[in-house]
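> Pasting the sequence and the predicted coordinates here, then a few questions.
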Amino acid sequence: MSTGTVVERTLGSLRDNRAFRLFWFSNLFFFGGVWTQTLVLGWLAYETTHSDFLVAVFTAVRLAPLLLGPFAGAFADRHNRVRLLIIAASWALVAVSAVATLASLGRATYWVLVLGGFAIGLAQSPSQPARASLVMDLVGRQNLSNANALNSMALNMTQVIGPAVGGLMITGLGAPAALWVSTFWYAISLATLLPLRRYGRVVGGHAESAIRMVTSGLRELARNRLASTALLITLAANTLLWPVAQSFMPVFAHESLGLDAAGLGWLLTCAGVGGLGGSLVIAWLGDFRFKGGMFIVGTATWGLLWSVFALSHSVVVSFVVMTAIGVMSAAFGVLQTTLVLMTTPESLHGRALGVQELAIGIMPAASLVLGAFSEHYGVGITTFVSALLLVLLVAVLASWTPALLRYGGSRATERTTVAP
């Protein structure tokens with residue numbers, strides 16, 4: 001296979017679909033803003049308090065809007081998804097501008113950071129079901145894995161650029177300048193969404209209330225073995241390890257590795273480089289077989305790599321392992337959404353992704369618990385134990401639903417999705 005053919009296959013959805021191309025660029029700049037402000041606000045929270053637990057409290061508040069996932073999913077099923085994303089991008093622009101202004105005036109106290117993180121979270125988290133379900137609307141089922149991988153590639157590109165830029169700007173120009181960069185990126189994301197206003201169709205005529213839509217969706221998902229298992233693995237990962245990645249990287253950087261803000265930025269950049277590589281591989285594979293198997297094995301391997309990182313005090317080893325963690329995170333991050341969409345009917349996509357968002361929403365509470373353990377036992381031991389527990393739970397869930405290991409997304413295999 002020639003290099004040109006490989007590139008064309010990998011970038012298929014971007015090359016052939018103008019609407020998805022605009023959406024992809026919007027995501028690129030939106031998550032560029034997310035990663036920059038996540039690093040800056042997290043660093044400021046730690047620098048202000050020097051407390052593992054208070055950093056975890058900040059993260060918990062910032063991620064609390066994830067708990068709105070099921071209702072956000074119901075809105076995504078009954079309203080125009082592009083309009084919802086335009087509202088979210090506009091809110092993010094206003095919220096980050098307000099925090100950046102207060103930081104520039106020297107008034108960014110710890111509680112200002114907490115409230116600012118919550119306001120920014122209100123723009124990011126509730127919009128995710130609409131953002132993820134819009135992908136299938138734009139590209140169709142056959143191109144879903146490729147398009148989700150390309151979206152993950154955009155996320156990881158911003159993870160490469162955002163933390164590095166944020167860390168360097170904290171060191172060189174100060175935190176307010178880095179926050180203003182986030183504001184600029186959100187503005188570009190909003191401008192790129194505006195041409196898509198005629199897309200984002202509503203599937204079905206949902207006349208019932210949002211509460212009825214949520215409860216009926218939960219009943220359907222409970223009967224769907226493949227979707228339920230994928231969502232349970234998402235829940236386990238977001239209980240045990242994603243809080244570590246979201247909350248404790250400044251602590252690892254400072255206490256275990258002796259890094260400054262720029263060093264933290266490069267550490268997170270390693271994860272972004274790995275995630276970018278993993279996403280490119282999945283994009284190149286396209287509509288491949290055994291998506292479920294890659295999801296399960298990749299998630300378990302991701303957990304094992306975190307257990308190695310938790311015990312490392314070597315900067316070189318930590319950077320290498322973090323890159324590998326990024327590679328394996330692509331198998332989890334890309335395929336969790338792909339599997340949820342493929343194993344559920346189109347009319348349920350928003351609510352299914354809303355439940356996925358709720359599973360991610362366990363992070364605030366999990367961050368507090370892990371933060372309390374870290375305060376007493378250290379961040380390394382806490383992460384090591386959490387990582388091994390995740391590997392164990394993934395193995396148990398894979399044994400409960402062995403069909404997921406063989407699942408490839410074809411219509412023929414969907415007969416196995418309903419539990420007896």
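Done, it's in. Residues are numbered from 1 along each chain as shown.

> sec struct for residue 287, please.
At residue 287 the chain is in coil, as set by DSSP: H, G, I helix; E, B strand; the rest coil.

> Run a quick neighbour tally on it.
Other residues near residue 287 come to 14 when the count uses other CB atoms under 10 Å. Yep, even glycine has a C-beta here, placed from its N, CA and C like the rest.

> Low-confidence regions, this protein specifically.
Low-confidence segments of the chain (pLDDT under 70): 1-8, 125-126, 156, 159-160, 162-166, 200-210, 409-420.

> For it, which residue occupies the most central location?
Nearest to the geometric centre of the chain sits residue 333, at 6.8 Å (CA atoms, centre = their mean).

> mind listing what that residue touches?
The contact partners of residue 333, taken as CB atoms under 8 Å, 6 or more residues apart in numbering, are 152, 155, 275.

> Is it in a helix, a strand, or coil?
helix.

> Let me know the closest of the contacts of residue 333 to residue 71.
Nearest to residue 71 among these is residue 155, at 23.9 Å by CB to CB.

> which secondary structure elements does whatever helix or strand the closest one lives in contact?
Using DSSP states H and E, residue 155 sits within helix 144-172. Secondary structure elements in contact with helix 144-172, counted by 3 or more CB pairs under 8 Å, 6 or more residues apart in numbering; DSSP states H and E, are helix 12-16, helix 18-49, helix 128-139, helix 175-193, helix 261-285, helix 315-342.

> and the ones you listed as a markdown table, adding distance to residue 76?
Converted to a markdown table, the helices and strands packed on helix 144-172 look like this (distance: least, CB to CB, whole Å):
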| stretch | distance to residue 76 |
| --- | --- |
| helix 12-16 | 20 |
| helix 18-49 | 15 |
| helix 128-139 | 4 |
| helix 175-193 | 15 |
| helix 261-285 | 23 |
| helix 315-342 | 12 |
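
> Compare the ones you listed and give me the one nearest residue 291.
So among the helices and strands packed on helix 144-172, helix 315-342 is nearest, using CB to CB, at 5.6 Å.

> What are the buried residues along that closest one?
315, 318-342 (16 or more other CB atoms under 10 Å).

> Residue 395 is in contact with residue 297, isn't it?
No. At 10.4 Å, residue 395 does not count as touching residue 297 under the criterion of CB atoms under 8 Å.

> So for the two, which sits in the more crowded spot?
Taking neighbours as other CB under 10 Å, residue 395 and residue 297 compare with residue 297 leading, 16 against 12.

> With residue 121 as the reference, measure out to the residue nearest to the centre of the chain.
19 Å (CB to CB, to the nearest Å).

> wait, what's in contact with the residue nearest to residue 154 when sequence neighbours are not counted?
Spatial nearest neighbour of residue 154, chain neighbours left out: residue 28 (4.3 Å); criterion: CB to CB, 6 or more residues apart in numbering. If you count contacts by CB under 8 Å, 6+ apart, residue 28 has them with 154, 157, 158, 189.

> Is the first one in contact with residue 26, as I believe?
No. Distance between residue 154 and residue 26: 9.2 Å, which falls outside the contact criterion (CB under 8 Å).

> Residue 100: which element?
Per DSSP H and E, residue 100 falls inside helix 81-104.

> can you list the contacts of residue 333 in JSON lines and add neighbour count and distance to residue 53?
Shown next, in JSON lines, are those (neighbours: other CB atoms under 10 Å; distance: CB to CB, whole Å):
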{"residue": "152", "neighbour count": "27", "distance to residue 53": "32"}
{"residue": "155", "neighbour count": "25", "distance to residue 53": "28"}
{"residue": "275", "neighbour count": "26", "distance to residue 53": "28"}
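
> mind giving me a markdown table with these and columns for distance to residue 366?
Listed next are these as a markdown table, based on distance: CB to CB, whole Å:
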| residue | distance to residue 366 |
| --- | --- |
| 152 | 22 |
| 155 | 21 |
| 275 | 21 |
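
> Among those residues, which one sits closest to residue 254?
Nearest to residue 254, judged by CB to CB, of the contacts of residue 333 is residue 275 at 23.2 Å.

> Residue 151 is in contact with the closest one, correct?
No. With contacts defined as CB under 8 Å, residue 275 does not count as touching residue 151, sitting 11.7 Å away.

> Return the set of buried residues in the helix or strand following the helix holding residue 100.
Note on helix 81-104: by DSSP H and E, the next helix or strand toward the C-terminus is helix 110-124. Neighbour-count burial for helix 110-124 flags 110, 112-124 (criterion: 16+ other CB under 10 Å).

> outside of helix 110-124, which residues touch it?
Contacts for helix 110-124 (CB under 8 Å, 6+ apart): 34, 37, 41, 44-45, 48-49, 54, 57-59, 61-66, 88-89, 91-92, 95-96, 98-99, 102, 108.

> so how far is it off the chain centroid?
Its chain's C-alpha centre lies 17 Å from the corresponding centre of helix 110-124 when counted by CA atoms, centre = their mean, to the nearest Å.
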